[in-house]
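**Q** Curious how this folds, go ahead:
(one chain, ligands or ions: 1)
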Amino acid sequence: MNRYLQSVEKLQEARTYVAGGVASSLRASMKPTPLYVQKAFGARILDVDNHEYIDYMLAYGPLILGHAHPAYNEQIYEAMQNGSTYGLQHDGEIRLGQRLTEILPCAEQVAFSGSGTEAVMLALRLARAYTGKTKTVRFYGHYHGWSDAIFTSFPSPDFSSNGHSAAASGIIQGTGGQSQNSLQDLIVLPWNDPEALEETLTKHQHEISAVITEPVMCNSGCISPLPGYMEKMRELTSKFGIVLIWDEVITGFRLGLGGAHERFGIDPDLVTIGKAMAGGVALSAVAGKRDIMHLIEEGTVMHLGTLNGNSLATAAGLAVIQELSKSEGQAFKDMDRTATMLTEGIRSILKANGLQAVVNQQGPVFHLMFIDRTEVADFDTFNLRDSQLYTRFAEEMLHEGVLVRPNGLWYVSTAHGEKEVLETLAAVERVAQRIAAY
Ligand code: PLP
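**A** Numbers count the residues shown, from 1 in each chain. Presented below is the predicted three-dimensional model:
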């Protein structure tokens, strides 16, 4: 009998009413089937077939406090007693705005939106309006949401040539229905390549409005910037009057309350944050320099959204900050420790079973790749990983009661502790033995 029968049947039913059966295309790729959930608590999730899993997918990142955290829930319930959204102003917006400007080193003002995609759209728009230029530089292997202006698939990049304009290289649309025209303003570069950056910015300085980057390549291998690279990016963008945007939708509230830019000690002009900032409620923000953000007040840049800054979302954001600020950020040290116990354990179990893998960790997020290399430090190498083997590993882990994303990225929350780590490593051991025996 199919272990996941209820989920399979629900997916069939969903397909009648919900386009594609799932609410976000990526979710359809889960093997052996997209799971349907009954409920979730702490680090665990229960599917409709009554299987309990330790959850390392964490809803693709937001659940930094785990599921149904009591103090977090309480603050949202409390806010809900007074209504959920007003289309008017309320104190929660001011309080959260104030906290964000205290927490994020580069933030003098913030603007709220609902998703990471929207925050990126606004940041790019602000950059174009501020500079009066139109082109955006982005990097291979980074993800900045699914809006037409920035969503691309990656052709196998030829890193020997310095950057490809959409027109010249035919940057591949990320999806059917995307306007090819929207890609004309994109220049895509290899990341961690200071020469390519310098050459392109020098040549196209009068056209480029923004450089947008993930500060750590979380979406492709959790790869760190090379020493000096982000400093160089800061220096060049300042020199050429280009707005530097750090997309901290993953790293914000994960690498520390102040995100990657606090950790690296570099101030971008704008940051985008989302996911973990509200612990699982739809909320994102652009934060940054007042003279750029001021374009909104001036009316030069329109910033819209019916549910922007709603009182449930701001209560959720404040609750996350409150929990993560306790005991001088002990939560981050604990999550780091938990993730390190996991990564060290996974490395040694896989090695003992003759499986070649690299695990790149950045605090409470890490990427596990099956690959015949000792390190993965660039997108080219990342593309050599054995994705099929990982998919099989993820499916076997599911049978063992551990939920991981099919792409290799694991998230840890404050709800994960030693108990979960030990159970997980025991599962990894069983799965590694089975895979090694194939
Ligand atoms: N930016 C980064 C770095 C992301 O990882 C994501 C989502 O994974 C986004 C932007 C888009 O965020 P959302 O899915 O909330 O639209």
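**Q** Poorly predicted segments of this protein, please.
**A** Where the chain drops to pLDDT under 70, the residues are 1, 154-170.
**Q** Between the two ends of stretch 207-219, how far is it?
**A** From its first residue to its last, stretch 207-219 covers 27 Å (CA to CA, to the nearest Å).
**Q** Could you list the buried residues of it?
**A** By neighbour count with 16 or more other CB atoms under 10 Å, stretch 207-219 contains the buried residues 208-219. All C-beta spots, glycine's among them, are computed from the backbone N, C-alpha and C.
**Q** Which of the residues you listed fall within helices?
**A** Nothing among the buried residues of stretch 207-219 maps onto helices, per DSSP state H.
**Q** Could you export the residues you listed as JSON lines, including distance to the ligand?
**A** JSON lines is the format used below for these (distance: CB to the nearest ligand atom, whole Å):
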{"residue": "Ile208", "distance to the ligand": "20"}
{"residue": "Ser209", "distance to the ligand": "18"}
{"residue": "Ala210", "distance to the ligand": "14"}
{"residue": "Val211", "distance to the ligand": "14"}
{"residue": "Ile212", "distance to the ligand": "9"}
{"residue": "Thr213", "distance to the ligand": "10"}
{"residue": "Glu214", "distance to the ligand": "5"}
{"residue": "Pro215", "distance to the ligand": "9"}
{"residue": "Val216", "distance to the ligand": "10"}
{"residue": "Met217", "distance to the ligand": "9"}
{"residue": "Cys218", "distance to the ligand": "6"}
{"residue": "Asn219", "distance to the ligand": "5"}
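**Q** Count the residues that sit near whichever residue of the chain sits closest to the ligand.
**A** Across the chain, the shortest distance to the ligand (CB to the nearest ligand atom) belongs to Gly116, at 2.2 Å. As a burial measure, Gly116 scores 27 neighbours (other CB atoms under 10 Å).
**Q** That one contacts Glu248, correct?
**A** No. In this structure, Gly116 is not within contact of Glu248 by CB atoms under 8 Å, at 9.4 Å.
**Q** Find the residues that touch each one of those two.
**A** Common neighbours of Gly116 and Glu248 are listed as Thr272 (criterion: CB atoms under 8 Å, 6 or more residues apart in numbering).
**Q** For Ile371, which non-adjacent residue is spatially closest?
**A** Closest residue to Ile371 apart from its sequence neighbours, by CB to CB, 6 or more residues apart in numbering: Arg385 at 4.4 Å.
**Q** again, but for Arg430
**A** In space, and not counting its chain neighbours, Arg430 is closest to Glu400: 6.0 Å by CB to CB, 6+ apart.
**Q** ditto for Asn310
**A** Of all residues not flanking Asn310 in the chain, Thr85 sits nearest, at 3.7 Å (CB to CB, 6+ apart).
**Q** tell me the SS of that neighbour?
**A** Assigned state for Thr85: coil (three-state reduction, DSSP: H, G, I helix; E, B strand; the rest coil).
**Q** got a list of what it touches?
**A** For Thr85, the contact set (CB under 8 Å, 6+ apart) comprises 306-307, 310-312.
**Q** Out of those residues, name the ones that lie in helices.
**A** Per DSSP H, these map to helices at 311-312.
**Q** between the contacts of Thr85, which is nearest Ala23?
**A** Nearest to Ala23 out of the contacts of Thr85 is Leu307 (CB to CB; 16.7 Å).
**Q** Locate Glu199 within the secondary structure: which element?
**A** Assessed by DSSP states H and E, Glu199 sits inside helix 194-204.
**Q** What lies in contact with that helix?
**A** The contact list for helix 194-204, computed with CB under 8 Å, 6+ apart, reads 135, 137, 162-163, 187, 189-190, 208, 211, 226, 228-229, 232-233, 236-237, 240, 242.
**Q** out of those, which are inside helices?
**A** If you go by DSSP H, the contacts of helix 194-204 have 229, 232-233, 236-237 in helices.
**Q** To what extent is Ser327 buried, counted in neighbours?
**A** Ser327 has 8 neighbours, counted by other CB under 10 Å.
**Q** Contacts only, for the residue of the chain closest to the ligand.
**A** Contacts here follow CB under 8 Å, 6+ apart; on that basis Gly116 touches 144-145, 247, 249, 272, 274-275, 284.
**Q** Could you list the contact residues of the stretch 201-350 of the chain toward the ligand?
**A** For the stretch 201-350 of the chain, the contact set with the ligand under CB under 6 Å from any ligand atom comprises 214, 219, 247, 249-250, 274.
**Q** May I ask which two of those are separated the most?
**A** Farthest pair in those, by CB to CB: Asn219 and Gly274, 13.5 Å.
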